Every structure is written in C-alpha cells, then in structure tokens.
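Trainee: Take a look and give me a structure for this.
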Amino acid sequence: MTIADLYAIPSPASWDVPQDFQTCFNWEFAPERTRLLGLYERGKTMQWNANDRIDWSQELDPENPQQLPEESLPVSGAPFYQRMSPAEKAQIRRNYQSWSVSQFLQGEQGALICAAKIVQQVPDMDSKFYAATQTMDEARHVEVYKRLLQKFGVAYPMTKPLKELLDQVLRDTRWDMTYLGMQVVIEGLALAAFARIRDYAQNPLAAAVNAYVMEDEARHVACGRLALRDYYPQLTQAERDEREEFLVEACKLMRERFDAIELWQHLDVPIQEAVEYLLVSGAQQKFRSNLFSRIVPTVKDIGLWGERVRRGYEQLGVLHFAEVDVQALQEDDQRIAREIDARRRHVDQTIAAAQ
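Mentor: Got it, this is the predicted structure:
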C-alpha cells in the first residue's frame, strides 16, 4: 500500500516548483574549513541502513499508535473532547499522530530537495561535500517516516504554512536563503517536535525513528551554523536586515504549522471550539513556544541578532531561548541515539542467549 492510498484529505500526486538559480562549479577543489570537513567525515562514517538499524516488525497501538501521554494531544483538555466516547477519542489520537508524522514526512522531502539544491548552489567545495552526505541522510529520513506512516494506515498532505515557506525557500536564488529557511527554521522547528515524540513515546519503534533522525539532524544544523556564521559578516547591513525580517516572518508562519486546522475540519470536530481552545490553552501555548528552542540560539549564533530579530522574537515570547546551549542539545541527541542502539543490542543478545 502506498502513501497515496492513505491520504484522508485529497492531495495532488506531485508539486512542481519552478526555480531559477545558478549552479556553481568550483575549479579550485580546495576545502579549507577543518570543522566543516570534520562534519563531512562524520557524515560519511555515520551513514546507517534503516533496514538494519530499526526493527520494523514492531506494531503500533491502533488507539494510541506512538503510546504518547494524553496531554500531548492539543485538544485533550477541551470540553468537546472530554464529552467524546473512548472510541471517538481513540480516532482523534490516531489521526492527530498520523497528521503529525505526515508533516515530518513532507518536511523531510523538502529537506531532501533543499540539500540537493545546496550541492548545486553553494560556492565552496567543503560545503558541497557535506551537503552531498546530507542529501543521502534526507533520503533515508523520507524512507523511515514513510514506512512508519504506513503502519498508521492514514496520512495527510502538507500543511499550507509549511508549503508556503518551502515555496519561498526553493524559489529564492540565493544559496544562503536555502540554508536559512530549511536548516535553521524548518529543521530547527522539526527537531523540537521530533524530541517531544522521542522523549515521551512509549512505543519503541516511534521513539527509535525520531532518535535516529535527530542524530543526523544534529550534524545538519551544525553545518548550517558554520556556513552561515562565516558568510553573514561579509554582507551589508541592508542584506542582514532583509534576512532578519525573513526569519521573523518565517517563524510566525511556522508557529501556525501545528494548529492542524485542516485535520480538525476533516474529523468533524467543532472547529470554532477547537480554535478558541488552542488559543487559550496553556499547554498548547507552551508547546508552540518550545518549538523555537532550537531556532533562536542558532539564529543568535550565526550573527543575525539585530534589532529586528530580537524585537520579533520578543513579540513571539521566545527571546529567552537565546541562552540555550544548542551544541549541548546536539550532543544529547547523539547520546540518546547511542543509548537506544545499546538497548536494542542488549535485547538481541538476550534473545540469542535464550535460544
């Protein structure tokens, strides 16, 4: 069964985005940045095969596929949800989790295409080297989320906010805007969402998929930080101002990405009640704020920390994330993936010893 067979909301078979940008050949072949080449080496040695690393025989609970706590459902405290029968609540949980994983899948395909675009556009060879390994990573991420989503038995198309931002990023002719839109904003937001499932899902398959994807994404964000941190001091103040304005608007757009309005409409949930509840829910407001915990410190690190960005992030209520140690978060992502590997090896050894 293909994903096309699972869409609960009609979706076109493809999306064509016209592009007009230059492909840059580098005839010097002179990689120079040691840290970026170090990421390239790690990108080569840390490639993994989804068939071998993940146990796909594990099943999902039809009523709570990823076995997430009830409070992780944005509408769990809403009066209309509390009035529902257990069967109706199970349907909401299953579809919301499927909608969420569907957005991960759609976003990873966007990352795959953006990484390939960076290989073509970026002028320096060391960045081309690393972007080539990232392209392979993103293909694997599309594969694993597709396989996970097929176990749900239902899928959803890309949300309008994500599609709008991807359209802007893909159409822009400047290579740094591809980095900025995809690796800083879209993937930064996704990392926070992945972490929520990795850390709270009791289903080992769901936890492992997100942990292993995050292990790769830690390198991707690090690469974007290095490339942009070197590049932005070369720009004029007007050029930096333009990018800061883009960042603020992109973050506002991505804040709407998880409202899931089209999902509630499809499930025949009282949409006005749902929207009003989401606006006043303290848990949902905290979730929407925490989504920026990876973006804000990265933006500060790459040097786009002028008045426009600070004022915009203050209005969004996320300025305090500027003090987060993003490097420590990335190291933690890698540690957790290793721990999951160790637990699986222990289980495999125990089973083998018992036979």
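
Trainee: per-residue confidence at the spatially closest residue to Asn64 that is not a sequence neighbour?
Mentor: Nearest non-adjacent residue to Asn64, counting by C-beta to C-beta, 6 or more residues apart in numbering: Arg93, 5.3 Å away. The C-beta positions use only the backbone N, C-alpha and C, and glycine is treated the same way. pLDDT for Arg93: 96.

Trainee: so what's Arg93 up against?
Mentor: Glu63, Asn64, Pro65, Leu68, Leu73 (C-beta atoms under 8 Å, 6 or more residues apart in numbering).

Trainee: Could you report the neighbour count for the second one?
Mentor: The burial metric for Asn64, expressed as a neighbour count using other C-beta atoms under 10 Å, is 20.

Trainee: Could you pull out the buried residues of the helix or strand of the chain with the lowest mean pLDDT?
Mentor: Using mean pLDDT, DSSP states H and E, helix 282-290 stands out as the lowest-scoring helix or strand of the chain, at a mean of 81. By neighbour count on 16 or more other C-beta atoms under 10 Å, the buried set for helix 282-290 is Gln284, Phe287, Arg288, Ser289.

Trainee: Where do the helices of the stretch 1-150 of the chain begin and end?
Mentor: Taking DSSP state H, counting those that start in this stretch as the test, the helices found in the stretch 1-150 of the chain are 34-45, 50-53, 79-82, 86-121, 125-152.

Trainee: Of the ones you listed, give the one that comes closest to Val299.
Mentor: When the helices of the stretch 1-150 of the chain are compared by C-beta to C-beta, helix 86-121 sits nearest Val299, at 17.9 Å.

Trainee: Format the helices of the stretch 1-150 of the chain as CSV; extra columns: distance to Tyr200.
Mentor: Shown next, in CSV, are the helices of the stretch 1-150 of the chain (distance: least, C-beta to C-beta, whole Å):
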stretch, distance to Tyr200
helix 34-45, 28
helix 50-53, 21
helix 79-82, 19
helix 86-121, 12
helix 125-152, 16
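
Trainee: Of these, which is nearest Ala207?
Mentor: Proximity to Ala207, assessed across the helices of the stretch 1-150 of the chain by C-beta to C-beta, is greatest for helix 125-152 (11.1 Å).

Trainee: Mind giving me the packing neighbours of that closest one?
Mentor: helix 34-45, helix 50-53, helix 86-121, helix 204-231 (3 or more C-beta pairs under 8 Å, 6 or more residues apart in numbering; DSSP states H and E).

Trainee: Could you point out the helix or strand that follows that helix?
Mentor: helix 160-171 (DSSP states H and E).

Trainee: Send over the very next helix or strand once past that following helix as PDB, restricted to the C-alpha atoms.
Mentor: Reading on from helix 160-171 to the C-terminus, the next helix or strand found by DSSP H and E is helix 175-178. Provided in PDB are the C-alpha atoms of helix 175-178 (Å, rounded to 0.1, in the frame of the first residue of the first chain):
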ATOM      1  CA  TRP A 175      22.100  29.800  -1.600                       C
ATOM      2  CA  ASP A 176      22.200  31.100   2.000                       C
ATOM      3  CA  MET A 177      18.400  31.500   2.000                       C
ATOM      4  CA  THR A 178      18.100  27.800   1.400                       C
END
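
Trainee: Nearest the geometric middle of this protein, what residue?
Mentor: What sits nearest the mean C-alpha location of the chain, by C-alpha atoms, centre = their mean, is Ala190, with 2.3 Å.

Trainee: pLDDT score for Asp333?
Mentor: 93.

Trainee: Now do the helix or strand harbouring it and helix 34-45, the angle between them.
Mentor: Assigned by DSSP H and E, Asp333 belongs to helix 326-354. Angle of helix 326-354 versus helix 34-45, following axes from the mean of the first three to the mean of the last three C-alpha atoms, to 10 degrees, is 20 degrees.

Trainee: Remind me what helix 326-354 packs against, helices and strands.
Mentor: Counting by 3+ C-beta pairs under 8 Å, 6+ apart, helix 326-354 packs on helix 187-200, helix 204-231, helix 295-301.

Trainee: I'd like the ones you listed laid out as a markdown table, including distance to Ala50.
Mentor: Putting those into a markdown table (distance: least, C-beta to C-beta, whole Å) gives the following:
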| stretch | distance to Ala50 |
| --- | --- |
| helix 187-200 | 16 |
| helix 204-231 | 8 |
| helix 295-301 | 27 |
